[in-house]
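*Asks:* Got a predicted model here, sequence first, then my questions.
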Amino acid sequence: MRLDENSLLFKYQHEKNGKARKKILENGKVEDKSIKLPLYLEALKDPDIDNKSLAIKFLGEISDSESILPLIELTQYRLEIHEDLISTIVTIIKKGDLKEVIPLFMNIDNLNVRKSIPLILGEFSNSTAKNYLIHDLLHDENAVVRKNAIKALEKNAVKEDLDQIILMLNDEDLQVINQTILVLGHVGIKEVIKPLINFLKHEEELIRKSTVRALYSIIKREGDLKPVYNIINKRNPIARREAVKILGLLKKPESIKFLMKLLYSKDGKIRRLAYSTILKTLKQDKSLINLIREGINNSNWQVRKYCAKILGELEDEESIELLVSRLNDPKSSVRRSVTNSLSKFNSDIIIEISESHLESEDWRIRRAVVDLLKNIGNASAVKSLVKCLDDTDIYVRSWAINALGKLKDEDSIEIFHELLHSEDSRIRISVVKALGKISDKKSIKPLIQSLGDDDYEVRREIEKALERIEPDWMNRL
């Protein structure tokens, strides 16, 4: 049919300027439907994305069933306006009858178009949409279509639909399985926990992460932690770790007692996960903190170590005396955990406690105090560390020197210069390393004067320290 040269459609088809075509489309709003519809359908082919978007918008306002197929065919192109396109198609179909559109979907061969059909049907809550999704699209030969079909069921699936969705866990495609897991977590009930549990030990991290999220959602709704405990009590290490992560998301205080037992585990990852889960839980609810306080004196050193760390992270001041009582723990890693935790509290209080233990007859306590003062690192701590330089224990003196070096305390330099002449080579080595860390040029001369030291290790450390302080130190010789 020959078009009138004055018609909007004719002008639009022969206009080469995108902005001019846009004005024609906007003017088309004042025309009747018989003129607007062909104009906007033609504009779906417009190379200008803004004009395409405008046409989609106007077709949605007209909501004529004749535009459904052209709009659906446009979904094959992954345009930035894809969501608006889907929304417009849904709007038009809702004003008509979905049953009349289903045959249209069934006759579409273009794969890229078929991928969008589940996205459209997901916006409908009636049995027509659900039946087509479950009985047809879930079994499509294309994995993306199947995945999108599962996603579409997320909003409207009920208990009776879960059996069909669970079957998709056997799909050959990883993305389909992953989407199935996520949907089951969203709509699932207690009955889907068992089939999901198997995926906690899946070799793909993506699948395990989704399973953790899904089981967390279901167990949070159901309120029963027994399924998680059962997994942790089994042998598979991967599944056990993922199950602890679920407890970490749930943050249930009643799980703390169970988690405490995991601090004994031979699996380092399990221990660390249990620790972080207990910490997260107590940060939210401290009602069972006494379990951790009791754990500080547990016979197992791993439990003592982690309990000390937790009390420090929580800055539980009521536990300070308990922590101090473990400064002489037979395990160095526990003592280190204790000193790290104590350093998180008010420094004045902790320094006062440290000072009171500097004269302890137990070398472990004195060494732990040095470590604690180093962690605090303020001016008061430095003064206390200087006092440790006269300690009878070689390691206490050496640790104090190293600590002062790390803190780069320039006020200790003169003392260090004197200690360069110590009879114990271990002290001399510690002093030289500390001076290298402080890197004050005042130390160059005394270090050069000590280059004649009888101990090779001392001389080597002196050269390293001088190189660090001043690379061209040899010019001073």
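*Replies:* Good, I have the coordinates.
*Asks:* Just the strands from this protein, written as ranges.
*Replies:* Under the criterion DSSP state E, the chain contains no strands.
*Asks:* Next, name the residue at the spatial heart of the chain.
*Replies:* residue 209 (10.9 Å; Cα atoms, centre = their mean).
*Asks:* Tell me the spacing between it and residue 244.
*Replies:* For residue 209, the distance to residue 244 (Cβ to Cβ, to the nearest Å) stands at 14 Å. Yep, even glycine has a C-beta here, placed from its N, CA and C like the rest.
*Asks:* Next: residue 426.
*Replies:* 44 Å.
*Asks:* Of the two, which one has the most company?
*Replies:* The neighbour count for residue 426 versus residue 244, taken as other Cβ atoms under 10 Å, is higher for residue 244 (28 against 16).
*Asks:* any low-confidence regions in the stretch 301-450 of the chain?
*Replies:* 407-412 (pLDDT under 70).
*Asks:* just so I have it, where are all the helices in the stretch 251-400 of the chain?
*Replies:* Here the stretch 251-400 of the chain has its helices, by DSSP state H, counting those that start in this stretch, at 256-262, 268-284, 289-295, 301-313, 320-324, 332-342, 347-357, 363-376, 379-387, 394-407.
*Asks:* Kindly present those helices as TSV, with separate columns for distance to residue 228 and mean neighbour count.
*Replies:* Below are these laid out as TSV (distance: least, Cβ to Cβ, whole Å; neighbours: other Cβ atoms under 10 Å):
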stretch	distance to residue 228	mean neighbour count
helix 256-262	9	18
helix 268-284	11	19
helix 289-295	18	18
helix 301-313	20	23
helix 320-324	30	18
helix 332-342	27	22
helix 347-357	38	17
helix 363-376	36	23
helix 379-387	44	17
helix 394-407	43	22
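*Asks:* out of those helices, which comes closest to residue 37?
*Replies:* Residue 37 sits nearest to helix 268-284 of all the helices of the stretch 251-400 of the chain, at 58.4 Å, using Cβ to Cβ.
*Asks:* Helix 301-313 and that closest one, what's the angle between them?
*Replies:* When axes from the mean of the first three to the mean of the last three Cα atoms, to 10 degrees is applied, the directions of helix 268-284 and helix 301-313 differ by 30 degrees.
*Asks:* same question for helix 268-284, mean pLDDT?
*Replies:* For helix 268-284, the mean pLDDT works out to 96.
*Asks:* Not counting its own residues, what contacts it?
*Replies:* Contacts with helix 268-284, where a contact means Cβ atoms under 8 Å, 6 or more residues apart in numbering, come from 237, 240-241, 244-245, 247-248, 251-253, 255-256, 259-260, 262-263, 265, 288-289, 292, 302, 306, 309-310, 313-314.
*Asks:* same deal with stretch 77-86?
*Replies:* 49, 52-53, 56-57, 71, 74-75, 112, 116, 119-120, 123.
*Asks:* and the end-to-end length of that stretch?
*Replies:* 12 Å (Cα to Cα, to the nearest Å).
*Asks:* Would you mark the buried spots in stretch 123-137?
*Replies:* Buried residues in stretch 123-137, counted by 16 or more other Cβ atoms under 10 Å: 123, 124, 129, 130, 132, 133, 134, 136, 137.
*Asks:* again with stretch 150-170
*Replies:* 150-154, 156-157, 161-162, 164-166, 168-169.
*Asks:* can you check stretch 12-31 too?
*Replies:* 12, 21, 22, 24, 25, 28.
*Asks:* mind listing what the first one touches?
*Replies:* Under the criterion of Cβ under 8 Å, 6+ apart, the neighbours of residue 12 are 21, 24, 25, 39, 42, 43.
*Asks:* what do you get if the cut-off is 7 Å, keeping everything else the same?
*Replies:* Contacts for residue 12 were tallied using Cβ atoms under 7 Å, 6 or more residues apart in numbering; they are 21, 24, 39, 42.
*Asks:* Setting the sequence-adjacent residues aside, check what's closest to residue 164.
*Replies:* Closest residue to residue 164 apart from its sequence neighbours, by Cβ to Cβ, 6 or more residues apart in numbering: residue 134 at 5.1 Å.
*Asks:* where's that neighbour relative to residue 114, distance?
*Replies:* Applying Cβ to Cβ to residue 134 and residue 114 gives a distance of 16 Å.
*Asks:* returning to what we had before: looking at the contacts of residue 12, which is nearest residue 329?
*Replies:* residue 21 (80.3 Å).
*Asks:* distance of the residue nearest to the closest one when sequence neighbours are not counted from residue 22?
*Replies:* Counting by Cβ to Cβ, 6+ apart, residue 21 lies nearest to residue 15, which is 4.9 Å off, once chain neighbours are set aside. In this view, residue 15 and residue 22 are 10 Å apart by Cβ to Cβ.
*Asks:* do residue 232 as well
*Replies:* The value you get for residue 232 to residue 22, if Cβ to Cβ is used, is 62 Å.
*Asks:* one step back: would CSV of the contacts of stretch 77-86 with distance to residue 405 and pLDDT be doable?
*Replies:* Listed next are the contacts of stretch 77-86 as CSV, based on distance: Cβ to Cβ, whole Å; pLDDT from 0 to 100:
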residue, distance to residue 405, pLDDT
49, 64, 93
52, 69, 93
53, 66, 94
56, 70, 94
57, 70, 93
71, 73, 95
74, 70, 93
75, 68, 93
112, 66, 92
116, 66, 94
119, 64, 93
120, 69, 95
123, 67, 93
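*Asks:* Pick the one among these closest to residue 367.
*Replies:* Looking across those and measuring by Cβ to Cβ, the closest to residue 367 is residue 119, at 65.5 Å.
*Asks:* Do I have it right that the closest one meets residue 148?
*Replies:* Yes - using Cβ atoms under 7 Å, residue 119 is in contact with residue 148, at 5.8 Å.
*Asks:* quick one, which of the two is more surrounded?
*Replies:* Under the criterion of other Cβ under 10 Å, the comparison of residue 119 against residue 148 puts residue 148 first, with 25 against 19.
*Asks:* How about the more buried one: what's its closest non-neighbour residue?
*Replies:* residue 118 (3.8 Å).
*Asks:* distance of that neighbour from residue 179?
*Replies:* From residue 118 to residue 179 the distance is 11 Å (Cβ to Cβ).
*Asks:* Between those two, which contacts overlap?
*Replies:* Common contacts of residue 118 and residue 179 (Cβ under 7 Å, 6+ apart): residue 151.
*Asks:* Does residue 311 touch residue 321 like I think?
*Replies:* No - Residue 311 is not in contact with residue 321 according to Cβ under 7 Å; the separation is 11.1 Å.
*Asks:* Could you pull out the residues contacting both of these two?
*Replies:* By Cβ under 7 Å, 6+ apart, no residue touches both residue 311 and residue 321.
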